[in-house]
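J.: only the shape, not the letters, is given here:
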């Protein structure tokens, strides 16, 4: 009797386990039959958190990629060289943000060796890249707010890269230690205490605090137009600190008290995608919108010295003047040397009254005394030309003619045979 009872009991137990096994093998609603069980959270309609986070992460990754293209494409049109020097650091920040959106899928899918290793390594590294770029940008803003000249582009990028490499080294060593430390393979490849995961992110938390504290001196700087960039960093880091406090509390205490450690992955996934969205909306988009804007100094110069309107008529006039200049240069070789430099009859006029030219009047000549020469020679026709007698195109002044003839008459009276040179000897009539 004991043997039949044991057989019946074993059959009942087998029948009771059959529906459970069938439920575990069959895919959930919304997933295909050939889909591996590792990716059920991506399509399980009963687990709506996976589908929602997947959608948000996809949109965020596409947005990050598009913003990176816009930022790099706007580099030739950036007028301010100080903003242009920070484009490399901001592009590096966008790379870290794009990686965070992609890392969200790693927390949505189920756990295996590859997903757990990438979670442990990339979580701290990607956040380290983003917070390092914020620290480098904040340091440059402090110098810009004080003396309107910040760090050079390669220096700011080097600071962000070095801080990120520190976190890469820390996570690499921590990953090797946690993998080698387990000598016996565990059935759960992600068998890692939550406290150990949080403790490995201490340097990232230090970078977050540094990025929050660094922009404050820029708010008190002399050049106030850099304050808005410091405010962008402060808003981003403030919201990031709030997100980190919430997910750490839930990850260490909230999920444990509720007795549902299955919420550990959703907690980390929500924290990653939410913080990445904060990076996009509160830092990346405002910075990209301000890259091509001119600085206040350049805007002032444009107002003081307005540029000519670029129109169709202006372009035609410039082309016409250039073509005329080329045409004149071409025919200038055949022209004589005198024709190259035409002299205008009004070239000696400079816009001022000729007060220094003295023209004798009839009364002045009468007061000087009687003259020996004929009247038409003493009073020649006065002209307005004041050039010297030796020039070929000049006209003799009346006082010069009068002086020459007076000396000639006095010499004849004294009996001297001296011959006074005529003032007309050097002139052509």
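T.: Alright, I've got the coordinates. These figures come from a predicted structure and were not determined experimentally.

J.: what helix or strand is residue 161 on?
T.: helix 153-181 (DSSP states H and E).

J.: what mean pLDDT does whatever helix or strand comes next after that helix get?
T.: Downstream of helix 153-181, the first helix or strand assigned by DSSP H and E is helix 194-199. For helix 194-199, the mean per-residue pLDDT is 89.

J.: just stretch 85-103 next, same as before
T.: 95.

J.: same deal with stretch 157-174?
T.: 94.

J.: how about stretch 136-146?
T.: So the average pLDDT for stretch 136-146 ends up being 90.

J.: residues in contact with it?
T.: Here stretch 136-146 makes contact (CB atoms under 8 Å, 6 or more residues apart in numbering) with 82, 85-86, 89-90, 149-151, 156-157, 159-160, 163, 211, 214-215, 217-224, 226-227, 229-230, 233. The C-beta positions use only the backbone N, C-alpha and C, and glycine is treated the same way.

J.: tell me the buried residues within the residues you listed.
T.: Neighbour-count burial (16 or more other CB atoms under 10 Å) applied to the contacts of stretch 136-146 gives 82, 85-86, 89-90, 150-151, 156-157, 159-160, 163, 211, 214-215, 217-218, 221, 223, 226-227, 229-230, 233.

J.: end to end, how far does stretch 210-219 reach?
T.: Start-to-end span of stretch 210-219 (CA to CA, to the nearest Å) is 16 Å.

J.: in the helix holding residue 161, what counts as buried?
T.: 153, 156-157, 159-161, 163-164, 167, 170-171, 174-175, 178.

J.: hang on, the earlier thing: among the buried ones among the contacts of stretch 136-146, name the ones in helices.
T.: Judged by DSSP state H, the subset of those located in helices is 82, 89-90, 156-157, 159-160, 163, 211, 227, 229-230, 233.

J.: which one of the residues you listed sits closest to residue 65?
T.: residue 90 (14.3 Å; CB to CB).

J.: domains in this structure, by residue range?
T.: According to automatic domain parsing, the chain comprises the domains 35-301, 352-429.

J.: picking that back up, let's have the buried residues of helix 153-181 in TSV, adding distance to residue 98.
T.: Listed next are these as TSV, based on distance: CB to CB, whole Å:
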residue	distance to residue 98
153	21
156	20
157	17
159	21
160	16
161	17
163	19
164	15
167	17
170	22
171	19
174	24
175	22
178	27
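
J.: excluding covalently adjacent residues, which one is nearest to residue 275?
T.: Distances taken as CB to CB, 6 or more residues apart in numbering place residue 243 nearest to residue 275, at 5.0 Å, with adjacent residues excluded.

J.: and the next element down the chain from the helix or strand harbouring that neighbour?
T.: Counting by DSSP H and E, the element that carries residue 243 is helix 227-249. Downstream of helix 227-249, the first helix or strand assigned by DSSP H and E is helix 255-258.

J.: can you list the buried residues in that next one?
T.: For helix 255-258, a neighbour-count test (16+ other CB under 10 Å) marks residue 255 as buried.

J.: moving C-terminal of it, what's the next helix or strand?
T.: With DSSP H and E, the next secondary element past helix 255-258 is helix 264-279.

J.: and that next one, average pLDDT?
T.: 94.

J.: then stretch 64-79?
T.: In the prediction, stretch 64-79 has an average pLDDT of 92.

J.: dump the ones in helices among the buried ones among the contacts of stretch 136-146 to a markdown table, plus distance to residue 64.
T.: As requested, those are exported to a markdown table (distance: CB to CB, whole Å):
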| residue | distance to residue 64 |
| --- | --- |
| 82 | 24 |
| 89 | 15 |
| 90 | 12 |
| 156 | 20 |
| 157 | 18 |
| 159 | 22 |
| 160 | 17 |
| 163 | 21 |
| 211 | 19 |
| 227 | 26 |
| 229 | 20 |
| 230 | 23 |
| 233 | 18 |
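
J.: now, the most widely separated pair of these?
T.: 163 and 227 (24.2 Å).

J.: which residues does residue 209 contact?
T.: Residues near residue 209 by CB under 8 Å, 6+ apart: residue 241.

J.: next, the angle from whichever strand or helix holds it to helix 153-181.
T.: Secondary structure assigned from DSSP H and E places residue 209 in helix 202-213. Counting by axes from the mean of the first three to the mean of the last three CA atoms, to 10 degrees, helix 202-213 lies at 150 degrees to helix 153-181.

J.: in helix 202-213, what counts as buried?
T.: 203, 204, 205, 206, 207, 208, 210, 211, 212.

J.: not counting its neighbours along the chain, what's nearest the third one?
T.: When you say that, I think you mean residue 205. residue 244 (7.2 Å).

J.: next up, the contacts around that neighbour.
T.: Neighbouring residues of residue 244 by CB under 8 Å, 6+ apart: 205, 208, 271, 275.

J.: so residue 67 sits against residue 279, correct?
T.: No: using CB atoms under 8 Å, residue 67 and residue 279 do not qualify as a contacting pair, with a distance of 10.5 Å.

J.: higher neighbour count, these two?
T.: residue 279 (27 against 20; other CB atoms under 10 Å).

J.: list the contacts for the more buried one?
T.: 93, 97, 100, 130, 236, 240.

J.: ok, 6 Å please
T.: Residue 279 makes contact with residue 97 under the criterion CB atoms under 6 Å, 6 or more residues apart in numbering.

J.: again with the one 4 residues further on
T.: Contacts for residue 283 (CB under 6 Å, 6+ apart) come out as 232, 236.

J.: find me the pLDDT at the nearest residue to residue 215 once chain neighbours are set aside, would you?
T.: Nearest non-adjacent residue to residue 215, counting by CB to CB, 6+ apart: residue 230, 3.9 Å away. You'll see residue 230 listed with a pLDDT of 92.

J.: what about residue 230, distance to residue 218?
T.: 4 Å (CB to CB, to the nearest Å).

J.: try residue 72
T.: Residue 72 is 26 Å from residue 218, where distance means CB to CB.

J.: again, but for residue 264
T.: From residue 264 over to residue 218 the distance is 38 Å, taken as CB to CB.
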